[in-house]
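Undergrad: Okay, here's the prediction I keep looking at, along with the sequence it came from:
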There are 2 protein chains.
Amino acid sequence: MLNPFGSKSGLIVRSAKPFNAEPPLGQLISDYITPQSAFYVRSHGEVPRLDASTHRLRVTGRVQQPLELSMEALRQEFPWRRVNAVMQCAGNRRGDLLQVAPVAGDPWSAGAIGNAEWGGVALADVLRAAGTEDGAELHVAFNSLDDCEANGERFRFGVSIPMAKAMAPEVLLALEMNGETLAPQHGFPLRAVVPGFAGVRSAKWLAEVSVQDRPSDAEPQARDYKLFPPQVREETADWEKGLTINDMPLNAAICDPEPFADLRTGTVTLRGWAVATARQVARVDVSTDGGRNWGQAELQHDSAAPWSWTLWTMQVDLPPGEHELVVRAWDSAGQTQPALPDDTWNWKGYLNAAWHRVRVRVV
Amino acid sequence: MLNPFGSKSGLIVRSAKPFNAEPPLGQLISDYITPQSAFYVRSHGEVPRLDASTHRLRVTGRVQQPLELSMEALRQEFPWRRVNAVMQCAGNRRGDLLQVAPVAGDPWSAGAIGNAEWGGVALADVLRAAGTEDGAELHVAFNSLDDCEANGERFRFGVSIPMAKAMAPEVLLALEMNGETLAPQHGFPLRAVVPGFAGVRSAKWLAEVSVQDRPSDAEPQARDYKLFPPQVREETADWEKGLTINDMPLNAAICDPEPFADLRTGTVTLRGWAVATARQVARVDVSTDGGRNWGQAELQHDSAAPWSWTLWTMQVDLPPGEHELVVRAWDSAGQTQPALPDDTWNWKGYLNAAWHRVRVRVV
């Protein structure tokens, strides 16, 4: 499929239109901070080509003083903040659910995730400048400039987050990623960054922040990105009853070796990522026999960056033959992941956090 | 076994010395607020018989002004607070792990948990009165008056919690439970209440609060209540490397019917509890066929009491024969529980949060 960002990006394209792509897993974890070029791209429509010098952010709704801010005004009038945070698609690892039953959406492997240093201003600072209440019942909507289409309907991208999260210091209006201007596919010139929440809430090409009494009624908020029980199907889904996906579950993946790798005998270093939003990854267990026996991985985590991911490595000696490598994480509350994709299957294929399994052969 | 609190308490005794007992599960969930008489008791030594009029709480260590407070002074000098919170033993549901392999400790069923309205003063208010820093690296130790014995060593009960939790508004120095004076077995006249953390951190018969640079070196903090990986055994356990159990995992249990109940054909109402510390219980799935198919339970939760539990009910029609009833909870991050006790087994038998299964027969 055509990759509009060039073959150099090296991303694996899951959908050409809208453009959705993820890095090869070995590349994903080669740096603790994911370069923009290796960062997964999830679009809901065409990528808008915007001019930073004329682009404006409007702050509207239940505020005392509506604002209209240029990108320069954002940089000059508010304290600059940097947050190292994971962003992850709610459908990351959806592909593993296909072995249970079909699911809707792109068959992501474990690469619809990345860890960047976001630079921008705190949403809370901007909301305070506009004069808003910290009301628990309020919602902050993000309205964007990407024209999207789903189920035959055209709509502008929009989502919302609860006011309590909007006022949290880690939530940014971001102009930069890893010290660089945002690339077009990552939301140039301005996007929301909502650490811990599913990537969809971090609206790109952001044009308006609106404080309102109820969640956004735009398609991605009202009729998508909801978690349903396993017996619900598309025909029986009542969107009002699905769980709105904000926070994401404890999860982990093996990134190296990749599935069906042929390995030589000798010591192999297994590598991957683990995430525990709102808590810490306390332990990563790795099995080379399908989950019968486990050992502990070495963890790499920037303790000064609570929203960042944990990378892990483990050295193993594998005898010749086929092996099922498995990883599972434990968080600081002693919570762990379910074993089988059957335990997490849902018709939209969201939040698959079953043990990640990679089959390899030693020759 | 002898129940020192009388046969009327109706508790099932798991250990006579120290006295450890839990209510029958049907009784446990008969009220949203658990009466003191139906609340599980976990002791580490003899129950001290204290005089509230002479008992004092000392506040010591890294404070500007050490304090010595009578119970009356606590009531009069600080704002009165009420917190509806679950308390749960770190070993709750340990009994289910025995089907995997032996574990150390009392074989609790799913009743080492209760939900009370605690009354007292905020630990943060007392610490501020003594003049302490809100330093992230500090610990607040609780030193109690119960003489305990473990592994042939005698010690006074002591534990600690991180300063960040100690300063949280939900953490109390509690004098009351459900509007009544604490019963002797629940810590009369004063105990800590640390919502969300394992019950062991909520020290009973509290005599001293000490602000210090490092965690308590008392036995229950330093050499107990730690989570180990599945391959570790008592002989290989390095206590320094275990995960200190504070926050507890998402969990759920079927309380009615009880295991091996003989039921009549017709509609049966299944009932139980679910907890998700630091998050909300978003959904409770119930299966009557061992986890092949699931339905959703009705939830009862006091949304004004985030630290309280969720009670659930589901009506089902069961045909004659044997049935395996199963419950699992989902939290607001779309996280769920592992299916098998094999997935949570550890030699100390802590934090079993596998799907709870109850086998019944319909005749």
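TA: Looks like it came in fine. Numbering: from 1, shown residues only, chains lettered A, B, ... in the order given.

Undergrad: In this structure residue A:302 contacts residue A:308, no?
TA: Yes. With contacts counted by Cβ atoms under 8 Å, residue A:302 reaches residue A:308, the gap being 5.3 Å. All C-beta spots, glycine's among them, are computed from the backbone N, C-alpha and C.

Undergrad: okay, the two: which has more neighbours?
TA: residue A:308 (21 against 15; other Cβ atoms under 10 Å in any protein chain shown).

Undergrad: related to what we said a few turns ago, now do the shared contacts for residue A:302 and residue A:308.
TA: Counting by Cβ atoms under 8 Å, 6 or more residues apart in numbering or on different chains, the common neighbours of residue A:302 and residue A:308 are A:32, A:84.

Undergrad: Name every strand pairing with the helix or strand hosting residue A:272 and say which way it goes.
TA: Per DSSP states H and E: residue A:272 is located in strand A:266-275. Applying DSSP bridges, strand A:266-275 is found paired with strand A:251-256 (antiparallel), strand A:310-318 (antiparallel).

Undergrad: Now the element after the first one, going C-ward?
TA: Translated: strand A:251-256. strand A:262-263.

Undergrad: wait, doesn't residue A:42 sit right on residue A:20?
TA: Yes. If you go by Cβ under 8 Å, residue A:42 and residue A:20 touch, sitting 5.4 Å apart.

Undergrad: More neighbours: those two, which one.
TA: residue A:42 (25 against 22).

Undergrad: quick one: pLDDT of the more buried one?
TA: Looking at residue A:42, its pLDDT stands at 97.

Undergrad: ok, now how distant is it from chain B?
TA: 18 Å (Cβ to the nearest Cβ, to the nearest Å).

Undergrad: Please apply the same query to residue A:291.
TA: The value you get for residue A:291 to chain B, if Cβ to the nearest Cβ is used, is 8 Å.

Undergrad: State whether residue A:230 and residue A:345 are indeed in contact, as I suppose.
TA: Yes. Using Cβ under 8 Å, residue A:230 is in contact with residue A:345, at 5.6 Å.

Undergrad: hmm, back to that, as TSV, the strands paired with strand A:266-275 with distance to residue A:60, mean neighbour count and mean pLDDT would be great.
TA: What follows is the strands paired with strand A:266-275, written out as TSV (distance: least, Cβ to Cβ, whole Å; neighbours: other Cβ atoms under 10 Å in any protein chain shown; pLDDT from 0 to 100):
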stretch	distance to residue A:60	mean neighbour count	mean pLDDT
strand A:251-256	36	25	98
strand A:310-318	39	18	97
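
Undergrad: Can you lay out those as a markdown table showing distance to residue B:219?
TA: Below are those laid out as a markdown table (distance: least, Cβ to Cβ, whole Å):
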| stretch | distance to residue B:219 |
| --- | --- |
| strand A:251-256 | 33 |
| strand A:310-318 | 31 |
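
Undergrad: which one of these lies closest to residue B:24?
TA: strand A:251-256 (37.8 Å; Cβ to Cβ).

Undergrad: contacts for that closest one?
TA: A:25-26, A:28-29, A:88, A:92-93, A:110, A:269-275, A:281, A:284, A:286, A:312, A:325-329, A:337, A:353, A:356-358.

Undergrad: Next, give phi and psi for the residue of chain A lying at maximal distance from its centre.
TA: Within chain A, the residue lying farthest from the chain centre (Cα atoms, centre = their mean) is residue A:320, at 36.7 Å. Per-residue torsions, residue A:320: phi -60, psi 150 (degrees, to the nearest 10).

Undergrad: out of everything not next to it in sequence, what's closest to it?
TA: Once flanking residues are discounted, residue A:320 sits nearest to residue A:362: 4.9 Å by Cβ to Cβ, 6 or more residues apart in numbering or on different chains.

Undergrad: again, but for residue A:90
TA: residue A:198 (3.9 Å).

Undergrad: Please name the residues that touch that neighbour.
TA: A:88, A:89, A:90, A:225, A:245, A:246, A:248.

Undergrad: let's see 6 Å
TA: By Cβ atoms under 6 Å, 6 or more residues apart in numbering or on different chains, the contact set of residue A:198 is A:90, A:245, A:248.

Undergrad: quick revisit: I'd like to know which of the strands paired with strand A:266-275 lies nearest to residue A:165.
TA: strand A:251-256 (19.8 Å).

Undergrad: Tell me which stretches of the stretch 51-200 of chain A form strands.
TA: Applying DSSP state E, counting those that start in this stretch to the stretch 51-200 of chain A gives strands spanning A:56-61, A:67-70, A:80-88, A:113-122, A:139-150, A:153-162, A:172-177, A:180-181, A:191-193.

Undergrad: now those strands as CSV including mean neighbour count?
TA: Output for the strands of the stretch 51-200 of chain A, formatted as CSV (neighbours: other Cβ atoms under 10 Å in any protein chain shown):
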stretch, mean neighbour count
strand A:56-61, 18
strand A:67-70, 17
strand A:80-88, 21
strand A:113-122, 24
strand A:139-150, 21
strand A:153-162, 20
strand A:172-177, 24
strand A:180-181, 14
strand A:191-193, 25
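
Undergrad: Which one of those strands lies nearest to residue B:38?
TA: Residue B:38 lies closest to strand A:153-162 among the strands of the stretch 51-200 of chain A, at 35.9 Å (Cβ to Cβ).

Undergrad: ok, residues contacting that closest one?
TA: Here strand A:153-162 has contacts from A:44, A:139-144, A:146, A:148, A:194, A:200-201, A:203, A:215-216, A:218-221, using Cβ under 6 Å, 6+ apart.

Undergrad: So in terms of bridging, what pairs with the residue nearest the centre of chain A?
TA: By Cα atoms, centre = their mean, chain A has its centre lying nearest to residue A:88, at 1.2 Å. Here residue A:88 shows beta-bridge partners residue A:113, assigned using DSSP bridges.

Undergrad: Need phi/psi at residue A:326.
TA: Torsion angles, degrees, to the nearest 10, at residue A:326: phi -140, psi 140.

Undergrad: pLDDT score for the closest residue to it other than its chain neighbours?
TA: Excluding the flanking residues, the one nearest residue A:326 by Cβ to Cβ, 6+ apart is residue A:287, at 4.3 Å. pLDDT for residue A:287: 98.

Undergrad: Could you count how many residues lie near residue A:287?
TA: 20.

Undergrad: Check the gap between it and residue A:254 for me.
TA: 10 Å (Cβ to Cβ, to the nearest Å).

Undergrad: Please apply the same query to residue A:103.
TA: Applying Cβ to Cβ, the value for residue A:103 to residue A:254 is 21 Å.

Undergrad: repeat for residue A:36
TA: Distance from residue A:36 to residue A:254, by Cβ to Cβ: 24 Å.

Undergrad: Then residue A:279?
TA: For residue A:279, the distance to residue A:254 - Cβ to Cβ - is 21 Å.

Undergrad: which residues in the stretch 201-350 of chain A form strands?
TA: Going by DSSP E, counting those that start in this stretch, the stretch 201-350 of chain A shows strands at A:206-212, A:226-227, A:243-244, A:251-256, A:262-263, A:266-275, A:281-287, A:295-296, A:298-300, A:310-318, A:321-331.
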